[in-house]
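Asker: whatever this is, show me its structure:
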Amino acid sequence: MTAADERRLVLFEVGGGAYALPIADVLEVTEWSQLAAIPTLPAAVAGVINHHGDALPIVARDALLEEPATETRPEHVLVLGVSGGQSGRLGVPVDRVLGLVDVPAGTPASDGLVVERRPLRGRIVAVLDAARLLERAERVIEQVGGKV
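Answerer: Numbering: from 1, shown residues only. Now for the predicted structure:
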């Protein structure tokens with residue numbers, strides 16, 4: 001990862017909240033497509049979409065980001081693959097991608113999904129940790145899958 005990657009963030013919106021992820025962890029931004037069910041999980045929690053011929057797991061925005069459930073259909077999916085050699089891919093449905101921004105490297109704070117909050121473009125943006133997002137998605141799938 002280069003110094004430029006560490007400072008470049010993908011900005012997006014979910015449920016009116018502003019979020020960002022390091023661009024190094026976002027493999028692709030794609031349009032939302034029809035979600036296919038996973039037999040052991042409710043469609044409201046998780047499913048898969050066709051991504052270049054492969055099944056890409058998608059976990060509901062409210063389960064991942066602890067945002068209230070919204071009736072709006074997402075416009076985009078962020079395809080995450082964590083940098084640093086860790087495996088796993090995840091599709092994160094977002095209301096809309098707002099663009100890219102270069103910011104000075106901040107100091108990570110907390111052990112949750114949000115590693116820092118910073119003012120950007122007149123809003124407070126929650127910068128997320130992609131590895132923790134993948135871990136939370138796995139936990140949501142395991143917890144809900146065990147209850148079905």
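Asker: now do the helices in the protein.
Answerer: 3-7, 61-65, 130-147 (DSSP state H).
Asker: now those helices as CSV including distance to residue 122?
Answerer: Placement of C-beta: from N, CA and C, glycine included. Shown next, in CSV, are these (distance: least, Cβ to Cβ, whole Å):
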stretch, distance to residue 122
helix 3-7, 20
helix 61-65, 21
helix 130-147, 25
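Asker: deepest-packed of those, please.
Answerer: Ranked by mean neighbour count, these are led by helix 61-65 with a mean of 19 (mean count of other Cβ atoms under 10 Å).
Asker: what does that helix rub up against?
Answerer: 14-15, 17, 19, 45-46, 67-70, 74, 92-94, 113, 133, 136-137, 140 (Cβ atoms under 8 Å, 6 or more residues apart in numbering).
Asker: if we can go back for a sec, among the helices of the chain, which comes closest to residue 102?
Answerer: Closest to residue 102 of those, according to Cβ to Cβ: helix 3-7, at 5.3 Å.
Asker: tell me the mean pLDDT over that closest one?
Answerer: Across helix 3-7, the average pLDDT comes to 53.
Asker: swap in stretch 101-119?
Answerer: 78.
Asker: excluding chain neighbours, give the residue nearest to the residue nearest the centre of the chain in space.
Answerer: Residue closest to the average C-alpha location in the chain (Cα atoms, centre = their mean): residue 92, at 3.9 Å. The shortest distance from residue 92 to any non-neighbouring residue, by Cβ to Cβ, 6 or more residues apart in numbering, is to residue 78 (4.5 Å).
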